[in-house]
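Asker: with the sequence up front, the predicted model follows.
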Amino acid sequence: MAVNQSQDKKILHDMGYAQELSRTMGKFSNFAISFSIICILSGGINSLGQATSGVGGAAIGPFQ
């Protein structure tokens, strides 16, 4: 069921939606994403160190 863009735009307009795409990232959004990635990476690195000291190589993953 191929619907061309003009039909798709008309269907969206009939439902009350405007066809728009905003691809902007503000300073706060950029900071939030960067901070989340840094927290996940630092937590993973610390957890791996604690796990390998506790159970050895089995902390890396089963069946390897």
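Answerer: Done, it's in.
Asker: contacts, neighbours, all on C-alpha from now
Answerer: Will do.
Asker: low-confidence stretches in the protein?
Answerer: 1-3, 56-64 (pLDDT under 70).
Asker: and if we set it to 50?
Answerer: The model of the chain has pLDDT under 50 over residues 1.
Asker: centre-most residue in it?
Answerer: residue 33 (8.8 Å; C-alpha atoms, centre = their mean).
Asker: element containing it, please.
Answerer: Per DSSP states H and E: residue 33 is located in helix 27-55.
Asker: how far away from the center of its chain is that helix?
Answerer: 15 Å (C-alpha atoms, centre = their mean, to the nearest Å).
Asker: that one packs against which elements?
Answerer: Contact partners of helix 27-55 among helices and strands, from 3 or more C-alpha pairs under 8 Å, 6 or more residues apart in numbering; DSSP states H and E: none.
Asker: distance check, residue 49 against residue 5.
Answerer: 53 Å (C-alpha to C-alpha, to the nearest Å).
Asker: actually residue 48, not the one I typed
Answerer: Per C-alpha to C-alpha, residue 48 is found 50 Å from residue 5.
Asker: neighbour count: those two, which is higher?
Answerer: Neighbours were counted for residue 48 and for residue 5 using other C-alpha atoms under 10 Å; residue 48 has more, 14 against 9.
Asker: what are the C-alpha coordinates of stretch 16-34, in CSV please?
Answerer: The C-alpha coordinates for stretch 16-34 follow below in CSV (Å, rounded to 0.1, in the frame of the first residue of the first chain):
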residue,chain,number,x,y,z
GLY,A,16,-5.3,17.7,12.7
TYR,A,17,-1.6,17.2,12.6
ALA,A,18,0.9,19.4,10.8
GLN,A,19,3.7,17.6,9.0
GLU,A,20,6.9,19.0,10.5
LEU,A,21,10.3,17.7,11.6
SER,A,22,12.4,19.7,13.9
ARG,A,23,16.0,18.5,14.3
THR,A,24,17.5,20.9,16.8
MET,A,25,19.4,20.1,20.0
GLY,A,26,19.8,22.7,22.6
LYS,A,27,22.7,23.2,25.0
PHE,A,28,20.8,21.5,27.9
SER,A,29,19.8,18.5,25.8
ASN,A,30,23.4,18.1,24.6
PHE,A,31,24.6,18.3,28.2
ALA,A,32,22.0,15.8,29.4
ILE,A,33,22.9,13.2,26.8
SER,A,34,26.7,13.6,27.4
